[in-house]
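Participant: Please find the sequence and the predicted model below.
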Amino acid sequence: MDTIQQAVIINEKEEILLLQNKQKQWVLPIDFLGENELYETSLKEAVKKCAGLDVDILYQFFSSITKIDNKEYFNVVYLCRPKDKKVKVSEDYIDFKWVKLKEIKKLRGVSQLIIEISEKAILLLSGGGDNEEE
């Protein structure tokens, strides 16, 4: 089974970075892990490519089996902090937003899984959770 990685990037205002893809869905930065690639190194490179940000990875805090285009992937999610503030999205995306958790739930085009992951990330960052995988 192939692996994907997602980055929940939370800034100093406790806002989460969402990217809008060409299908007008709001998504987290994502990395399709290639053979022989290192998890964290590959994720940092993918975030730099898709959002123009350097990040510090704090925790791997969530994993699941996810379906994309009828294919199953092992999904690993990391909590990250941006090292810089200027987002520059790649040509794969049309927009971005820094969004508070309560606003994410109101956005059109956000999956329930992203809402759940975002809730867990905010809880972990606030000290209300642990960093064990599910």
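Facilitator: Structure's in. What do you need? From a predicted model like this one, the values you see are computed outputs, not experimental measurements. Numbering: from 1, shown residues only.
Participant: When you work out contacts or count neighbours from here on, use the C-alpha atoms and nothing else.
Facilitator: Fine.
Participant: how deep is residue 112 tucked in, by neighbour count?
Facilitator: 10 (other Cα atoms under 10 Å).
Participant: Spit out the contact partners of residue 53.
Facilitator: Residues in contact with residue 53 (Cα atoms under 8 Å, 6 or more residues apart in numbering) are 47, 82-88.
Participant: per-residue confidence for it?
Facilitator: Each residue has a pLDDT score; the one for residue 53 is 97.
Participant: just the buried members of the contacts of residue 53?
Facilitator: Among those, those classed as buried by neighbour count (16 or more other Cα atoms under 10 Å) are 47, 82, 87.
Participant: List just the nearest of the residues you listed to residue 7.
Facilitator: residue 47 (7.6 Å; Cα to Cα).
Participant: any residues touching the helix or strand that contains that closest one, and which ones?
Facilitator: In this structure, residue 47 is located in helix 39-51 according to DSSP states H and E. With Cα under 8 Å, 6+ apart as the contact definition, helix 39-51 has outside contacts at 5-7, 19, 29-31, 33, 53-55, 57, 87-90, 92-93.
Participant: Which residues does the longest strand along the chain contact?
Facilitator: In terms of residue count, the longest strand belonging to the chain (DSSP state E) is strand 55-68. Residues lying outside strand 55-68 but in contact with it, judged by Cα under 8 Å, 6+ apart, are 9, 40, 44, 47, 72-84, 117, 121, 131-134.
Participant: Tell me which helix or strand comes right after that strand.
Facilitator: Heading C-terminal from strand 55-68, the first helix or strand you meet, by DSSP H and E, is strand 71-82.
Participant: strand partners of that following strand, parallel vs antiparallel please.
Facilitator: Neighbouring strands of strand 71-82 in its sheet, by DSSP bridges, are strand 2-9 (parallel), strand 55-68 (antiparallel).
Participant: Is the residue lying farthest from the centre of the chain within a helix or a strand, and which one?
Facilitator: Residue distances from the centre of the chain (Cα atoms, centre = their mean) peak at residue 36, which lies 21.6 Å from the mean C-alpha position. For residue 36, there is no host helix or strand (DSSP H and E).
Participant: Unless I misread the structure, residue 86 falls within a strand.
Facilitator: No: counting by DSSP: H, G, I helix; E, B strand; the rest coil, residue 86 is not part of a strand but coil.
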